[in-house]
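S.K.: kindly return the folded structure for what I paste below:
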Amino acid sequence: MYKHLIFIALALGLSFFMVSCSDPSLEGTWVEPAAEDSYLGEVGFTLLKNGEVKSINTGFREYTHWEQRGKKLIISGNINGSVPSHFADTLDIISVDKNQLVVGSDGYSVTYQKK
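M.R.: Coordinates of the predicted model:
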């Protein structure tokens, strides 16, 4: 009986440790601070729980869907210009915490602040 209690206590402790060490959720509104001379204001997106994305001042790029695969963020959508097309950007999640998301690809990175 005593061995069972020790095993249960260790299993619960390990479960708590694993949950507390997991990355924060990507869900929420993420924006790049507006440049001083920007007429658009903040640019970014809102990642919704159901996999939808809401674009924020992204011009011709309209985000429609997102998913996380390990340390990758995949955002897809449509380009609504003179030649409409579909796109899917696969970005490395460099870091994420409750206030900041840094993503990048091919040596380029973008830092978003959580709103």
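S.K.: and the average pLDDT for stretch 56-65 is what?
M.R.: Averaging pLDDT along stretch 56-65 yields 93.
S.K.: list phi and psi for the residue most central in space within the chain.
M.R.: Nearest to the geometric centre of the chain sits Leu26, at 3.9 Å (CA atoms, centre = their mean). In terms of degrees, to the nearest 10, the main-chain angles of Leu26 are phi -80, psi -10.
S.K.: just Gly81 next, same as before
M.R.: phi -110, psi -150.
S.K.: what about it, distance to Asp92?
M.R.: According to CB to CB, to the nearest Å, Gly81 and Asp92 sit 27 Å apart. In short, each C-beta sits where N, CA and C put it, glycine included.
S.K.: of the two, give the one with the bigger neighbour count.
M.R.: Just comparing Gly81 and Asp92: by other CB atoms under 10 Å the higher neighbour count belongs to Asp92, 14 against 10.
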